[in-house]
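Asker: sequence unknown, structure follows:
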């Protein structure tokens, strides 16, 4: 609370001093004419640095979000699973398997249906 009161008093005091008329113009105008070239350089430099920072943060932000986009998972039709009936028919015609192996495979397929 005390700092707010201190600020208000300092602001009023500064305002009164800068409002003192000197040759029909407030003192502020004379100080502004003297400080204008310096303030232009300061504001231009600050603006350039700020815009550079914004551009850099946009680049970093876009890289961050581009890396977080999930990749679409696609399954090729040729590598996807085949129909169980087709597999059963294929196993019936397979000569590599013994009768016991064929029965075990058919049981596994039918249990997972």
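Answerer: Looks like it came in fine. What you are looking at is a predicted structure, and each value in this text was computed from that prediction instead of being measured.

Asker: domain ranges for the protein?
Answerer: Under automatic domain parsing, the residue ranges defining each domain of the chain are 14-67, 81-113.

Asker: Go through those and name the closest to residue 8.
Answerer: For residue 8, the closest of the domains of the chain is domain 14-67, at 10.6 Å, according to C-beta to C-beta. (C-beta placed from N, C-alpha, C; glycine too.)

Asker: chain center to the closest one: distance?
Answerer: 29 Å (C-alpha atoms, centre = their mean, to the nearest Å).

Asker: sorry, back to before: would you format the domains of the chain as a markdown table with distance to residue 2 and mean neighbour count included?
Answerer: As requested, those are exported to a markdown table (distance: least, C-beta to C-beta, whole Å; neighbours: other C-beta atoms under 10 Å):
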| stretch | distance to residue 2 | mean neighbour count |
| --- | --- | --- |
| domain 14-67 | 19 | 10 |
| domain 81-113 | 77 | 10 |
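
Asker: Next, format the ones you listed as a markdown table and append mean pLDDT.
Answerer: Formatted as a markdown table, the domains of the chain follow (pLDDT from 0 to 100):
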| stretch | mean pLDDT |
| --- | --- |
| domain 14-67 | 88 |
| domain 81-113 | 73 |
